[in-house]
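Undergrad: Just a sequence and a predicted model for now, questions to come.
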Amino acid sequence: MGDTIFAQATPPGLSAIAVVRLSGPDAIRALETLCGRAITPRSATLTDLRSACDSRWLDRALVLSFVAPASFTGENSAEIQCHGGRAVVASILRELAAMPGLRPAEAGEFTRRALLNGRLDLTQVEALSDLLSAETELQHRQAATGLSGRLAGRAQFWREHLLGCQAQVEATIDFSDEGIVSDFAKLSAEIASVREDMAAALAASSWTERIRDGFVVALIGPPNGGKSTLLNAIAGRDVALTSHIPGTTRDVIEVSMDLDGLSVTMLDTAGLRDTDDDLELHGVDRAHQRAISAHRRVFVLEPDCEPSHLGISVEPRDILISSKSDTGQTHPRAELAVSGLTGQNLDRLLRAIRDSLSDGITPNGLVQSARQKQAVAGAIGSLRDAEDLIVGDGEEALVAEALARAVSDLDALVGRTDVEAMLDQLFAKFCIGK
């Protein structure tokens, strides 16, 4: 990391303000070259920017500098807040590219340097990625919990206790000839306490991945039952073709929405029935597949429709509605009578879906990503091995090895070990200026 990187940190295009970031040993020198003057660190300065080649005026900008290690990346850093015209930004980037020792940043490179310099741990980097892509309030709150560093703090607590346990076991091994013996009953109790704390954190985070990725809700029912009209009413626009002809919908139509903080994809599926039309039959098969994998299903029923005839069994979590309440007729098993045509009870339906999906959800779970869950689960498994070995009078060396594996999983959790290949994939999702 001996070179200095730079990038536009704001989206390209016409805007009032654009931000250009620099990080590396020559960041402050490069900034002061553009400004033609010294810049006081950590103090916003309004100044003219000029070309280093011919003193040509580039822009009047607000600039800041940060001396290592007190910066986002832990390196000398600088920021230029200039006017957002394309030509202005392009001229500044050209000047920086012409300076020796400077190069354009790669995707996520600023954050990667923050990680490598100890300004962020891996769990915070993952949370930052989630924060940048958050589209709902719950996703935002969950990402903020991850960015706070609470998981890394808890992992450090677990790690210190396990290192203490490991030291006790290894002391027994190294100094057995001096009569040093560990209290394995007390040691087992301490290991169990740490394992139970890990398991509680893992259990409390059962919904975190779903909050991030969103939920899928499928509208299912017979042909011409009002599903497409209902989806159009929910979306507030014509996303699905509607017709009085049965079998009009032959593919799965998706609408993404923010349902009071939950990211939800609503599916309009082909009407479920027996048919000789090969194309419609393919749509019916896809409807069955998506209905089975959906997190919630809304059975859209006409008064004379029997759910058992649809080929999909009704489960307790499913929502049954009458689809054409404007006709004055309802299904006897329907929980709610809804009309996509008039909008009657549409708000109640959406509230019922939201309440069903959010039951038990908390956005404050510490363990949030699949990678984090795998690391914590791995540590829990190793601690169980250690406890079993102690109960079975296993060799101290094997107990120490099991504890070492648990510590290694915690190190991987926060990014201390074995994460280089994963980092390339993670940072590829970041924008260039982050």
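TA: Nice, I can see it. Numbers count the residues shown, from 1 in each chain.
Undergrad: C-alpha from now on. contacts and neighbour counts both.
TA: Noted.
Undergrad: what are the ranges of the helices in the protein?
TA: Per DSSP state H, the chain carries helices over the ranges 27-35, 86-98, 109-116, 122-133, 137-147, 150-174, 184-204, 208-213, 227-235, 278-293, 346-358, 370-391, 396-414, 420-427.
Undergrad: mean confidence for the fifth one?
TA: Read that as helix 137-147. Helix 137-147 shows a mean pLDDT of 85 in the predicted model.
Undergrad: coming back round to it: can you say which of the helices of the chain is nearest to residue 321?
TA: helix 346-358 (8.5 Å; Cα to Cα).
Undergrad: Show me which positions of the closest one end up buried.
TA: For helix 346-358, burial by neighbour count (16 or more other Cα atoms under 10 Å) applies to 346, 349, 353, 354, 357.
Undergrad: that older thread, would you list the helices of the chain in JSON lines and tack on distance to residue 334?
TA: What follows is those, written out as JSON lines (distance: least, Cα to Cα, whole Å):
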{"stretch": "helix 27-35", "distance to residue 334": "66"}
{"stretch": "helix 86-98", "distance to residue 334": "57"}
{"stretch": "helix 109-116", "distance to residue 334": "52"}
{"stretch": "helix 122-133", "distance to residue 334": "38"}
{"stretch": "helix 137-147", "distance to residue 334": "30"}
{"stretch": "helix 150-174", "distance to residue 334": "44"}
{"stretch": "helix 184-204", "distance to residue 334": "34"}
{"stretch": "helix 208-213", "distance to residue 334": "28"}
{"stretch": "helix 227-235", "distance to residue 334": "15"}
{"stretch": "helix 278-293", "distance to residue 334": "19"}
{"stretch": "helix 346-358", "distance to residue 334": "12"}
{"stretch": "helix 370-391", "distance to residue 334": "37"}
{"stretch": "helix 396-414", "distance to residue 334": "47"}
{"stretch": "helix 420-427", "distance to residue 334": "46"}
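Undergrad: what's the closest of those to residue 53?
TA: helix 86-98 (8.6 Å).
Undergrad: which residues touch that closest one?
TA: Helix 86-98 is contacted from outside by 6-8, 12-14, 18, 30, 51-52, 58-59, 82-83, 102-104, using Cα atoms under 8 Å, 6 or more residues apart in numbering.
Undergrad: tilt between that helix and helix 27-35?
TA: 130 degrees (axes from the mean of the first three to the mean of the last three Cα atoms, to 10 degrees).
Undergrad: buried stuff in helix 86-98?
TA: 89, 91, 92, 93, 95, 96.
Undergrad: With stretch 186-194 instead?
TA: Under 16+ other Cα under 10 Å, the buried positions of stretch 186-194 are 187, 188, 190, 191, 192, 194.
Undergrad: Kindly present these as JSON lines, with separate columns for distance to residue 296.
TA: Listed next are the buried residues of stretch 186-194 as JSON lines, based on distance: Cα to Cα, whole Å:
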{"residue": "187", "distance to residue 296": "46"}
{"residue": "188", "distance to residue 296": "43"}
{"residue": "190", "distance to residue 296": "42"}
{"residue": "191", "distance to residue 296": "39"}
{"residue": "192", "distance to residue 296": "37"}
{"residue": "194", "distance to residue 296": "36"}
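Undergrad: Would you agree residue 24 is in contact with residue 77?
TA: Yes: contact criterion Cα atoms under 8 Å: residue 24 and residue 77 qualify, at 6.4 Å.
Undergrad: okay, these two: which has more neighbours?
TA: residue 77 (30 against 23; other Cα atoms under 10 Å).
Undergrad: Tell me who's in contact with the more buried one.
TA: 21, 22, 23, 24, 27, 28, 65, 66, 67, 68, 71.
Undergrad: Bridging across strands, which residues link to it?
TA: Beta bridges link residue 77 to residue 23, residue 66 when assigned by DSSP bridges.
Undergrad: Chain neighbours aside, what residue packs nearest to residue 368?
TA: Excluding its sequence neighbours, the residue lying closest to residue 368 (Cα to Cα, 6 or more residues apart in numbering) is residue 208, at 5.2 Å.
Undergrad: Got the confidence number for the one you found?
TA: pLDDT at residue 208 comes out at 79.
Undergrad: Quick check, it in contact with residue 142.
TA: Yes: using Cα under 8 Å, residue 208 makes contact with residue 142 at a distance of 7.5 Å.
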